[in-house]
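>>> no FASTA, just this:
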């Protein structure tokens, strides 16, 4: 199984509230699972950390790079993800349960790649049919 990390998961891990980061590393190592960071999540984390640079946010940025590698793929959105995001948008809009565009892109990325999304925001993501979710913070 490959876990895709949502921005709220990464920000929580960077602040090391509890032992979440250690638990994550242990989970990946013990189960030989992989992880991915959707391109939109990398953007959200980077803009959060660089909006008001402080010593603390620069420390988080360094930690992000060390633990999660350099996620700097600024490539265009793959057509498969774009098409899936469009399908999700249409479905949610028709049902009157629309969520934010960034979350739609994250969900599409996970669905196309068959990843399980690790998020604290299960309320919004539960609206998306077929999306595998896990909340490590309950």
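Structure's in. What do you need? In this text the structure is predicted, and so the values were computed from the model without any measurement.
>>> quick check: residue 92 vs residue 101, distance?
When CB to CB, to the nearest Å is the yardstick, residue 92 and residue 101 sit 11 Å from each other. All C-beta atoms are positioned from the backbone trio N, CA, C, and that covers glycine.
>>> compare those two and say which is more crowded by neighbours.
Here residue 92 and residue 101 are set side by side on neighbour count (other CB atoms under 10 Å), and the busier one is residue 92, at 19 against 11.
>>> chain neighbours aside, what residue packs nearest to that one?
Excluding the flanking residues, the one nearest residue 92 by CB to CB, 6 or more residues apart in numbering is residue 98, at 4.8 Å.
>>> confidence score at the one you found?
The predicted local distance difference test score for residue 98 is 94.
>>> biggest helix in the protein by residues?
helix 79-94 (DSSP state H).
>>> could you list every helix and strand in contact with it?
helix 101-113 (3 or more CB pairs under 8 Å, 6 or more residues apart in numbering; DSSP states H and E).
>>> other SSEs contacting the helix it packs on?
Contact partners of helix 101-113 among helices and strands, from 3+ CB pairs under 8 Å, 6+ apart: strand 2-5, helix 39-51, helix 79-94, strand 116-118, helix 122-125.
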